[in-house]
Every structure is written in structure tokens, then in C-alpha cells.
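Participant: here's my sequence, what's the structure:
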Amino acid sequence: MKKKPDQLQRRCPRLGGPVEFSYCRTCEIQNQPCFKIFDCWWEFFDVVTYMKEHLPEEQFNKLAQKKTKPKVVSIVEMIREIQQCGRNK
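Facilitator: Got it, this is the predicted structure:
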């Protein structure tokens, strides 16, 4: 039986441990997809088409145009993200 995208798991280069696609899809700041979602998941399935089908056009375009941030900014945002996710559980 083929796994659904939300059940797929891989090592997160930002967090350093295993995460499911569902985490990458929803647990960024303000419940947004991770800016690296296309880079991380393209080998597992057609993540671009999936996100296009599951996001409003404006949100998808914004995600597709995101640029990689400086490492320090990424680390601070990751800390905030983890704190926020911990509060939402």
C-alpha cells in the first residue's frame, strides 16, 4: 500500500531529525509550509503539483518565490517555530 504524502517521513536538514511531510506542510510560522518544502520533498513525490492543488494560488506563488534566508535568520525562525508548535499541541 502506497503511503499518503502526509505520512512520508525524511530527515529534516533544519531540525536534524525525522519529520513527516505533514509537519513541513503546516508547522512553519503562522501555519505556513516550510520554505524548503520543494527542496526537501521533490525526490519522494511531485511536491510542486501537490502544493499547487492544496494551496490557494496566491499562497502557492508566494511559497514558490521564497528565497533562502541567511542561516542566523533561519535559526531564529526555527526556534520560534518550535516554540509555537509546542504551544499548539
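Participant: average pLDDT across stretch 31-44?
Facilitator: Mean pLDDT, stretch 31-44: 90.
Participant: so Cys24 touches Phe38, yeah?
Facilitator: No: with contact defined as CB atoms under 8 Å, Cys24 does not reach Phe38; the gap is 10.1 Å. Yep, even glycine has a C-beta here, placed from its N, CA and C like the rest.
Participant: ok, these two, which is more surrounded?
Facilitator: The residue with more neighbours, out of Cys24 and Phe38, is Cys24; 24 against 15, by other CB atoms under 10 Å.
Participant: that one: what's it in contact with?
Facilitator: Contacts for Cys24 (CB atoms under 8 Å, 6 or more residues apart in numbering) come out as Cys12, Pro33, Cys34, Lys36, Ile37, Cys40, Trp41.
Participant: just the strands in this protein please.
Facilitator: Assigned by DSSP state E, the strands in the chain fall at 9-11, 18-20.
Participant: perfect, I'm done here.
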